[in-house]
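The sequence isn't on hand, but the structure is:
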């Protein structure tokens, strides 16, 4: 009995000493999980986070960025941190018109497959997010996925509708572009769209070389499609 109690005390002390993984799930996590579950090859990914802070708060954020390994770029109030050669983070601080508050815009861009291959990158990113941002943040994510046989055969929308089980809210169709907006229970972020809520947007663009560019975003595509 004494041995068991001693073991429990040692375990509790280790848990206090060792930092626990940061529990932050982002819309990018949801998209990556969805793509992996259905074997959609990921070419590129992007996570965008926006929140407004007071100028005094942003001064503290700037110090935190330097401590976290970010470096100032040539752009005004912009900071960058390279996680590796093809995955990096950018934070841009933008003054409001009244110059009382400032928007702190975060972007993670590049080969987000690295986020699955090692916990180090995911923990580094999520530690920063939890340090800077609050529950008031707005989050957006998108993936560019590679064409595969189902996409080339013209059944992509039917396949992804089945996999996401989304309710279509709006559709834009042009000769070389189709964009569908909808709602699915598989993603948590959502934004109002008229009298409804939307949280997924899918675009397929036909390129001049007959290849298709496929983008999936939640709750909305924030990058050019």
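Now that the structure is in, tell me what you want to look at. Treat the numbers as computed from the prediction; the structure is a model and nothing was measured.

Quick check: chain neighbours aside, which residue is closest to residue 115?
Excluding its sequence neighbours, the residue lying closest to residue 115 (Cβ to Cβ, 6 or more residues apart in numbering) is residue 122, at 5.0 Å. (C-beta placed from N, C-alpha, C; glycine too.)

Can you get me a residue count around residue 140?
23 (other Cβ atoms under 10 Å).

repeat for residue 162
11.

what residues are up against it?
By Cβ atoms under 8 Å, 6 or more residues apart in numbering, the contact set of residue 162 is empty.

Using the three-state scheme, assign it.
Here residue 162 is recorded as helix under DSSP: H, G, I helix; E, B strand; the rest coil.

gap between the residue nearest to residue 163 when sequence neighbours are not counted and residue 132?
Closest residue to residue 163 apart from its sequence neighbours, by Cβ to Cβ, 6+ apart: residue 38 at 5.0 Å. Between residue 38 and residue 132 the computed distance is 32 Å (Cβ to Cβ, to the nearest Å).

Looking at these two, which is more packed in?
residue 132 (21 against 14).

wouldn't that one be in contact with residue 67 here?
No - using Cβ atoms under 8 Å as the test, residue 132 is too far from residue 67 to be in contact (11.6 Å).

And the helices in the protein, which stretches?
2-17, 27-37, 55-67, 114-117, 119-132, 149-152, 156-164 (DSSP state H).

so which of those helices is the most packed in?
Burial of the helices of the chain is given as mean neighbour count (mean count of other Cβ atoms under 10 Å); helix 27-37 ranks first at a mean of 19.

got a list of contacts for it?
The contact list for helix 27-37, computed with Cβ under 8 Å, 6+ apart, reads 40-42, 45-47, 108, 112, 115-116, 139-143, 145, 163-164, 186-189, 216-219.

So for the strand ranked longest in the chain, what gets flagged as buried?
Assignment by DSSP state E gives strand 42-54 as the longest strand of the chain. Neighbour-count burial for strand 42-54, counted by 16 or more other Cβ atoms under 10 Å, picks out 42-53.

Among those, give me the pair with the biggest separation.
The distance between the two most remote of these (Cβ to Cβ) is 33.4 Å, for 43 and 53.

ok, the residue nearest to residue 134 when sequence neighbours are not counted - contacts?
Distance criterion Cβ to Cβ, 6+ apart; nearest residue to residue 134, sequence neighbours excluded, is residue 51 at 6.7 Å. Residue 51 is in contact with 103-104, 133-134, 136-138, counting by Cβ under 8 Å, 6+ apart.

mind running it again at 10 Å?
Neighbour list for residue 51: 57, 61, 102-106, 132-139 [criterion: Cβ atoms under 10 Å, 6 or more residues apart in numbering].

now residue 25
For residue 25, the contact set (Cβ under 10 Å, 6+ apart) comprises 33, 126, 139, 188.

between those, which is closest to residue 156?
Among those, residue 33 lies closest to residue 156 (Cβ to Cβ), at 19.3 Å.

pLDDT score for that closest one?
Looking at residue 33, its pLDDT reads 94.

repeat for residue 220
Confidence at residue 220, expressed as pLDDT, is 95.

same thing with the one 3 residues further on?
On the pLDDT scale, residue 223 is placed at 76.

Likewise for residue 96?
On pLDDT, residue 96 comes in at 80.

any idea how far the spatially closest residue to it that is not a sequence neighbour is from residue 123?
Nearest non-adjacent residue to residue 96, counting by Cβ to Cβ, 6+ apart: residue 102, 6.4 Å away. For residue 102, the distance to residue 123 equals 27 Å [Cβ to Cβ].
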